[in-house]
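**Q** sequence unavailable; structure follows:
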């Protein structure tokens, strides 16, 4: 997305609209999201799957420090894509929000309420001057009243609910893959397969257990669980990676 | 709306008038409203009808998360069009305003007072620096003293009362349709038919129960009620969609 | 009023004078007033008349929501012209000001004091940065010590007292009409006739009871009263509309 | 005063000096004063005379609302010229200042102290950012310790004491007239004659009782008194208006 | 001092250095000082002399209101040059500073401490944004521990101590005169002669008692005393004004 | 990194994204880091090694005042590179953070928590206006639950965990060296050798005990220890500096 | 240092980095330091020497008011170079800091802690907007735990410890001189000789007792002492000024 001179007249202040009613700084923040590697989410009949591309640029870099999956509360996890430092701010915000809810109402926060609290926070940074928008998109997954829920927050501060979605690099290709392959009757294992297949199919190189992070929240335990490399390796064996050759 | 160089001298600061007395940033916010899909409102003898185009861009996106109809209080609903994240801020403001009124005066808020509180909030963002105007228009419908009332708030912060109106994309065509077809003696069912017909006539593609949201507040119960897809399907059967072919 | 490049050097900041000592943003706010439809005021021996052009752009728009006449207190009304949302702010300010005066001194506020409180408020927005001037002019009419009083506030924050005046579109033509037709011994009925005649003579189309708002405060009751369409219809019959043909 | 491009580099911010040490915004505020009609002041042996050109642009405009002479306290009056709304702010400031002095020290405020409080207020607006200078000049007249005193405040915030002076339009011509005609042994009546003659001689059209305002404070009563049209008419008869024909 | 385009890149913000480490706004404030008429100070064995050129532009202007010499405390006087309204702010600051010192420590303020308090105040306006520097230079004279002291404050906020100095117009010529004529064993009368001679020699026109102000603080009384026109006339007779003809 | 004109449109405000979603001011802050000399960190089986190039530009400059290694708490040290004064701010922040943790929870702060507190602080300076980002990168090393941990903070505010890393000048070459030479079974002495070898191999001149700083935290004592020149000299003897000649 | 157009894009805001990671306003502040005359410091075995070039531009200017050496506490002195008014702010800060330390801990402040408090203060002005950096460099000398210590603060806010150093004009030449002539076994008298020789060798004109200021703190008394002209004269006799002819 290159700015022309007409566009440049309106794209440097977050507190102004362009003549055709666009908010360029928010659109540029979306570009910052695309610069990050992909994260995906899949909602299944008995839980939610979050997965992220976590390949690192150096073998000396600890993969665990590339934090793209985050436990927010027992029953909620978030996958992020885009500007890492911005994501950390929203993750901290989400954790505090969940804690406050627990303390105040003595019950876990609604996944939907949590998502909307986050998007309200994001929206403030698109309307009031003195700061820039958040260059990050989040996938919020969790169990609410026994049901799996899966939400997206984008840099404009709009919340959306999805059956399956992707944020970050290759989003369009991943969404197309999901639209073709997603079935509503998927169970959690099927969802894990779908999430890993999508990353394998669409990414530029092979997916290895070390290059992917996987988290799930199932309706039975209502517990967010980050999977080990061994577990991921097992799941990857199931993934029909030959599909690429078709 | 493309800015020429004369216009550009005045259109990037919300706190300035142009030489001919216009507020360009407010006009650009109106363009942001036009970028959204349409919402309509119809006032009838026994209630108010709110309806909105809620078609989604992906089959994986949950249609219920495209929030264009919002319950504000038992007796008031709002339909929005334009920048979604901005709309959420005004909806939150409206809900708090209704609650505060209930607590302070122990009676439901006037639909008209509520509308004016919202427009006062909007106006602040067009006169004082440090923020941009809200890129959203609202249709506020409800029952006040047993009478159906239907208001509009626009990005300048002006409140208007209507018999039937549309905001967002295709506003002009929808208003023309209403001006031709609206009759003051419409009952609620007639109003629902008119609202759905308008969306069906003017939109670019067929209206399906999944692509439209419908809310009503009738004078008897004074309760905002969001209709199910099944109910909408029944109503759509009544809509003389053959009209298009005439 | 089109800005040339010399003018543009000074017309975008409210806190600066131009080299010839002008405040361009205040002058542009006056242009915003001219963009509104006209309101008029006439002072008579036994009361004050306020009238306004309230023709609406759509038959579905409730004419009562085009608020150009406003009751401020029992004994004071205001007619406005220009940016509607700005007018609402000053009307709210005036009402609070009248209430505070009543509470503090246990007597109704002076029409003159009220006007000057409003103009002081307006002036602040022309001298201190961070906001734009109000794009609105008001006609403040009321009874003070048993005498009818009629004031104007303009966007610079200057108060003027008039026998008869007009603000908004066609101001110059309406003032000329008043200068020719106004007589100091007019009674309230004569004042109503004069106000309606002026709007009929100068406006581009016929005046109908639905296209005009009329308010009066008489010295006997000291009560602001907004007239019904029926009453306006009766007055309009009296207006010598044939005068146009002379 | 037209700005050239060298000048424009420095004339739009009040918080900067030009390379030759000038404050352009203060100079432009002086131009705003010149755009107003003239006010004059004359100090005599037994009192101070303030007079102002108050001709109005429309016969329907109440001349009394063209406020150019202002009573500040029993013993002090102020004549203003320039931006009317700005003058009102300083007049309000002066009145509050006089009241506070009376309350705190239980004696009337010094004319000189009052003048300096006003100029300190004016100076703030020429050094600190976020606001523009006051576009107004004041003539402060009063009795202090039994002596007539006559001061000027200009837009830079400098106080000057005069025997006779003029501010606003035609200032230079009026000052020349005073320099030629003023005598130190003038009594109050002589001062009134001189003030009215000056306005008559220098203005472009005849001076009538309706087109001039006249206020005096004499050393005997120490009371500011605004003169009636009848009194002014009597004084005008004395003014040797034939002088113009010489 | 005319700004070229290289210079203009750095001379409009007080909070920036130019590439060669200069503060242009401070330098321009020095130009504002040069635009004022001269003030001089002379330190002698038994006191300090302050004198100022106070010629006025109109015979109607009270010379006493051209305040260039100011009593700060019994034992301290200040002579100013430059922007008059700015000088008044610093004079007020100095007086309050002296009073606070007297109240807090029950002894008169040090002339040196007073000077440094003033320069600290001046410096703030050269480093922190939102205001412009003071366009004024002061000569602070007084008695401290029985010794005459004579200081200068400049627009950068630097304090200097002098035997004899000048600020304002003709500063360079006056300093040259002092460097040639000043002797350390001058007594107060000799100092007065030197100060008046300097103004007479260097100014463009004759010095008269009405065109000069003279103040002294002697070590015996430690009292600031402003001299009358008669006293100045007597001193002027002593001044070897024929020197000009040599 | 030279800015072209397209880039310059977006690189001077920290609160804006460029059209391709980049934060130029953060990228320029990374350039500031590269301008500093290198610091390295190595994690070993029984401790963490921090080392830094501390060669000084003048023999008169005390090498100990070139602070690149900092003790934060008994069990944590930080090595810095880039803008020295900025580093000091973050070091102070880290020390206070560690103290507060000790006081509040009566246990030493987690190395990971400390790192994230620092990066949160850094991120604030990249999103909110009115300040610039920190031009510094830190290597945070310490013992946590008996395990050696090694983190990096960069100017965007992102935390990373490493086995071995370098920040500042020559970072890429040093990282390549580590990727080739690092082995997971290194003990502390091996880590010291690796760190010193890297600095010796990659730097432009010979490494002497006076030109390098060395700190370690071992798992046994959990104490940060800065090594003396003598100790460093001994270690340097072990370093196979002939490697350069291969 | 002249700004080219590439540089000008980044050199006027203190809160931005240039594309190559430089802070231009800090570099320009260093130029402001070079515009000042030189100050030097020498650390010896039994004390610290501070000296400064204090030649004045006019014989009437009191040399004692050219304050370049400042006593901060009994055991600490500071020599400054650069913008004088800025130096005064930091000197005041240092004195308050020393007093607070004495009051709070009942012991004299560490020379090193004092230096770092000053540099922290300086750094704030290079990162946060709304003010410019300090255009001054300081040499902080004193006794700490019985040891002589000598520090520098520069406009970036970095603290350095030296054996001998110079700040201000001719810094490079003076440093070269010190690098050649400084010996670690110098005693205080030797240090004084070295400091005066350096100023004599490198300055453009002869050094006289009236043109130099000299302060010392010895380890025995731990007292800062400013030397008299007579003492300086004696020291100057010892200085091998013939060295220049070699």
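**A** That came in fine, so what should we check first? Source: prediction; values computed, not measured. Numbers count the residues shown, from 1 in each chain, chains lettered A, B, ... in the order given.

**Q** what about residue A:99, which SS state?
**A** Following DSSP: H, G, I helix; E, B strand; the rest coil, the label given to residue A:99 is helix.

**Q** same check on residue A:77?
**A** Under three-state DSSP, residue A:77 comes out as strand.

**Q** check what pLDDT it gets.
**A** You'll see residue A:77 listed with a pLDDT of 98.

**Q** my guess is it contacts residue A:50. True?
**A** Yes. In this structure, residue A:77 is within contact of residue A:50 by CB atoms under 8 Å, at 5.4 Å. The C-beta positions use only the backbone N, C-alpha and C, and glycine is treated the same way.

**Q** higher neighbour count, those two?
**A** The residue with more neighbours, out of residue A:77 and residue A:50, is residue A:50; 29 against 25, by other CB atoms under 10 Å in any protein chain shown.

**Q** can you read off the pLDDT for that one?
**A** The model reports residue A:50 with a pLDDT of 98.

**Q** how about residue A:2?
**A** Listed pLDDT for residue A:2 reads 48.

**Q** next: residue A:218.
**A** On pLDDT, residue A:218 comes in at 97.

**Q** count the neighbours of residue A:205 for me.
**A** Residue A:205 has 9 nearby residues by other CB under 10 Å.

**Q** look up the closest residue to it, ignoring the ones flanking it.
**A** Spatial nearest neighbour of residue A:205, excluding adjacent residues (CB to CB, 6 or more residues apart in numbering or on different chains): residue A:55 at 7.8 Å.

**Q** helix, strand or coil: sort out that neighbour for me.
**A** Using three-state DSSP, the structure places residue A:55 in coil.

**Q** before we move on, what about residue A:138?
**A** Assignment for residue A:138 (three-state DSSP): strand.

**Q** quick check: closest non-adjacent residue to whichever residue of chain A sits closest to chain E.
**A** For chain A, the residue closest to chain E is residue A:130, as judged by CB to the nearest CB, at 15.8 Å. Nearest residue to residue A:130, sequence neighbours excluded (CB to CB, 6+ apart): residue F:129, at 4.7 Å.

**Q** for the one you found, grab phi and psi.
**A** phi -70, psi 170 (degrees, to the nearest 10).

**Q** my read: it touches residue A:131, true?
**A** Yes. Assessed by CB under 8 Å, residue F:129 is found in contact with residue A:131 at 6.2 Å.

**Q** buried residues, stretch A:85-102. List them.
**A** A:85-91, A:93-95, A:97-98, A:101 (16 or more other CB atoms under 10 Å in any protein chain shown).

**Q** show the pLDDT at the residue nearest to residue A:130.
**A** 77.

**Q** could you pull up the contacting residues of the residue nearest to residue A:59 when sequence neighbours are not counted?
**A** Here the nearest residue to residue A:59 in space, its sequence neighbours aside, is residue F:179; by CB to CB, 6+ apart that works out to 6.1 Å. Listed by CB atoms under 8 Å, 6 or more residues apart in numbering or on different chains, the contact partners of residue F:179 are A:58-60.

**Q** and which of the residues you listed is nearest residue G:114?
**A** Closest approach to residue G:114 among the contacts of residue F:179 (CB to CB): residue A:60, at 41.3 Å.

**Q** tell me the spacing between that closest one and residue E:194.
**A** 80 Å (CB to CB, to the nearest Å).

**Q** quick one, what contacts the residue most central in space within chain A?
**A** For chain A, residue A:139 is the residue whose C-alpha lies nearest the centre (CA atoms, centre = their mean; 3.1 Å). Contact analysis of residue A:139 by CB under 8 Å, 6+ apart lists A:39-41, A:50, A:78-80, A:150-152, A:165, A:167.

**Q** need those residues in CSV (columns: distance to residue D:135 and secondary structure).
**A** Below are the contacts of residue A:139 laid out as CSV (distance: CB to CB, whole Å; DSSP: H, G, I helix; E, B strand; the rest coil):
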residue, distance to residue D:135, secondary structure
A:39, 59, strand
A:40, 63, strand
A:41, 62, strand
A:50, 63, strand
A:78, 57, strand
A:79, 60, strand
A:80, 55, strand
A:150, 62, strand
A:151, 56, strand
A:152, 55, strand
A:165, 59, strand
A:167, 56, strand
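
**Q** thought residue A:224 was touching residue A:76?
**A** Yes. The pair residue A:224 / residue A:76 is scored as a contact, 6.5 Å apart, by CB under 8 Å.

**Q** now do the shared contacts for these two.
**A** Shared contacts of residue A:224 and residue A:76 (CB under 8 Å, 6+ apart): A:142, A:217.

**Q** the two: which is more packed in?
**A** With neighbours defined as other CB under 10 Å, residue A:224 and residue A:76 compare such that residue A:76 has more, 27 against 24.
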